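Peer 1: Starting from these lines, generate the structure:
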Amino acid sequence: MSGSTPSGTGTKTDGRVERGNQTRRLVLGRTMDIASVEGLEGLSLGRIATELELSKSGVFALFGSKEELQLATVRAAVAVFADRVVAPLNDLPPGARRVRELCRNWLAYSSERVFAGGCFFYAVSAEFDARTGPVHDAVARTRRDWAAYVEGALTEARAAGEFAEDLDVEQLAFEVIALMEAANAQSVLFGDPGTYARAERGITARLLASATEKGREALADEA
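Peer 2: Next up, the predicted model:
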């Protein structure tokens, strides 16, 4: 019949697509760990094919170039980060508790080594901060988005009456992010997990100093 699809063709196509997706997930799982330790420049199609015992042509067909492999790795890391740090907050209303849980989720994401080298984005930011090009832009965008998310959580908490009306949201976001990243850096460099507890104490102190009575009560209820 004109226009008909041969029996089984759709099933075969779906099977090939799924195998391709599985290979893509396998590759990106490995590239995220490599990049968190060695940087995105440590990635190559040939290396990944060899390590995972895949055909280089098959890996090339999925990614096309080293740069696309790097960009795909950044996108995959964003999805993992969102799942581990942001998604658990879905049931929490805006407020000081939500801000502190966001920070705690980040500290857990780093301390539990979701990525082998600690925070993926801290590692690749240091690698690409002074460069130009699509990979630099992708990394920079993730950092801007994260800062904006923290600022947004603080702004919502301020609107809920849990932080002072004159709170400098950008400044407080900068400070709590700096504390989290300092904990990550020292933990990775020195193998000192105690840095996370120190960072959390510092973050809590900054939140309490900026909170209203309502916000302090919310933070005390959660302690």
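
Peer 1: Every contact and neighbour count from this point should use C-alpha atoms.
Peer 2: Fine.

Peer 1: Now do the helix or strand hosting D14: distance to the chain's middle.
Peer 2: Following DSSP states H and E, one finds D14 within helix 9-38. In terms of CA atoms, centre = their mean, to the nearest Å, the centre of helix 9-38 is found 19 Å from the chain centre.

Peer 1: mind checking how far the spatially closest residue to F163 that is not a sequence neighbour is from W106?
Peer 2: Nearest residue to F163, sequence neighbours excluded (CA to CA, 6 or more residues apart in numbering): A211, at 4.1 Å. Relative to W106, A211 is positioned 21 Å away (CA to CA, to the nearest Å).

Peer 1: Tell me which of those two has more neighbours.
Peer 2: Higher neighbour count among A211 and W106: A211, with 24 against 21, using other CA atoms under 10 Å.

Peer 1: contacting residues for that one?
Peer 2: Shown in contact with A211 (CA atoms under 8 Å, 6 or more residues apart in numbering): A96, E162, F163, A164.

Peer 1: separation between it and A72?
Peer 2: 40 Å.

Peer 1: In terms of helices and strands, where is the residue nearest the centre of the chain?
Peer 2: The centroid of the chain falls nearest to F81 when counting by CA atoms, centre = their mean (3.0 Å). Per DSSP H and E, F81 falls inside helix 66-81.

Peer 1: Now do the buried residues in that helix.
Peer 2: In terms of neighbour count (16 or more other CA atoms under 10 Å), helix 66-81 has its buried residues at 66-67, 69-78, 80-81.

Peer 1: Run the angle between the helix or strand just after it and helix 66-81 for me.
Peer 2: For helix 66-81, the following helix or strand on the C-terminal side (DSSP H and E) is helix 96-111. Relative orientation of helix 96-111 versus helix 66-81 (axes from the mean of the first three to the mean of the last three CA atoms, to 10 degrees): 130 degrees.
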